[in-house]
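Q: show me the folded form of this:
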Amino acid sequence: MEVSLTAKLLWAAGFVEHAALLFVLIRCGRWRTFPIFTTLIGYNALRTILLVSLWKTNQISLYSRVYDVGTFLDLAFQLGVILELARVVLKPAGSWVRDAGKRFLFYGIAGAAVAAVIAYAINPSVQTSIDFWLEKGNLFSAMLTLELFAAMLFASSQLGLVGSSHVMRLGQGWAIWAIADLVAEGAYSHFGNSWQGRLFDYIRTGTYFLVVVYWIITLWRPEPKRRTLSPEMQSYLDGLQQQLQSELKRVSGVEKQ
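A: Residues are numbered from 1 along each chain as shown. Got it, this is the predicted structure:
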């Protein structure tokens, strides 16, 4: 199987970046907060080694099967990372922020339904049934990532997360790559394996490489402290919220009469 010099360089660059990011995640202890993301990065590094080994030994059939199975696993890890980011944002102290679990579940189901309908309606220009469903899965994952990240941005404003916190930096990079991924998948579905489709694929890959560098830098740096409230102020706000809820119930009762 012939592989272009560009593909070889992308393989090498991808492995080096994943290895460097994995080192940062383990060295700085970020894996404790993001275990699924750390597993995904380690998986990508090992996957590159395996695919290159199969290519060098000219095991083309096994290479194709490993690549297809690995892509499905990659999609599963991506969805796991989305849920992990949401858990870190909406469960900052180990328990769900009030009503956050219900709201996230509602937005997640609604977003997944919309993403599934759009992905199902698009018919990729591919030759095999496996590639057909892989393309649909990629479209679904990219759209769902953007929808859930928007929900996390809304929640972060209520939780006092600063823009430079690790989870927000990780989510921002993931959203940027998801936009590039969505555009590339849409272009590939339309153009197929033409030079236009390959061009958008290179743009997506380049965007991902830049995002990984961004993650390496930001996860190496210490995380800024969150804005916290004193126990007295927190107690006061909780009491005020309960009082407002009681007043709303009373007003609703009066209106019904």
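Q: domains of this structure?
A: 5-226, 227-257 (automatic domain parsing).
Q: out of those, deepest packed?
A: Mean neighbour count (mean count of other CB atoms under 10 Å) peaks for domain 5-226 among the domains of the chain, with a mean of 16. (Glycine included, C-beta is placed from N, CA and C.)
Q: one step back: same list, the domains of the chain, but as TSV with mean pLDDT please.
A: Output for the domains of the chain, formatted as TSV (pLDDT from 0 to 100):
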stretch	mean pLDDT
domain 5-226	80
domain 227-257	61
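Q: show me where the stretch 1-150 of the chain has its helices.
A: 5-27, 35-56, 60-90, 100-121, 129-159 (DSSP state H, counting those that start in this stretch).
Q: quick check: angle from the second one to helix 5-27?
A: Yep, that's helix 35-56 we're talking about. 150 degrees (axes from the mean of the first three to the mean of the last three CA atoms, to 10 degrees).
Q: so how far is helix 35-56 from its chain's centroid?
A: From the chain centre to the centre of helix 35-56 is a distance of 17 Å (CA atoms, centre = their mean, to the nearest Å).
Q: residues in contact with it?
A: Contacting residues not belonging to helix 35-56 are listed as 1, 3, 11, 14-15, 18-19, 21-22, 25-26, 30-31, 62-63, 66-67, 70, 73-74, 77-78, 80-81, 83-84, 170 [CB atoms under 8 Å, 6 or more residues apart in numbering].
Q: hang on, isn't residue 112 packed against residue 144?
A: Yes. Using CB atoms under 8 Å, residue 112 is in contact with residue 144, at 5.8 Å.
Q: how about residue 223, secondary structure?
A: At residue 223, secondary structure determined by DSSP: H, G, I helix; E, B strand; the rest coil is coil.
Q: from residue 15, how far out is it?
A: 27 Å (CB to CB, to the nearest Å).
Q: could you do residue 185 as well?
A: 23 Å.
Q: cool, residue 22 as well?
A: Relative to residue 15, and taking CB to CB, residue 22 is found at 10 Å.
Q: ok, residue 26 next?
A: In terms of CB to CB, residue 26 sits 16 Å off from residue 15.
Q: what does residue 117 give?
A: Applying CB to CB to residue 117 and residue 15 gives a distance of 37 Å.
Q: again with residue 222
A: 27 Å.
Q: do the same with residue 66
A: Taking CB to CB, one finds residue 66 at 16 Å from residue 15.
Q: could you do residue 136 as well?
A: 28 Å.
Q: for residue 203, same thing?
A: 20 Å.
Q: what of residue 120?
A: From residue 120 to residue 15 the distance is 34 Å (CB to CB).
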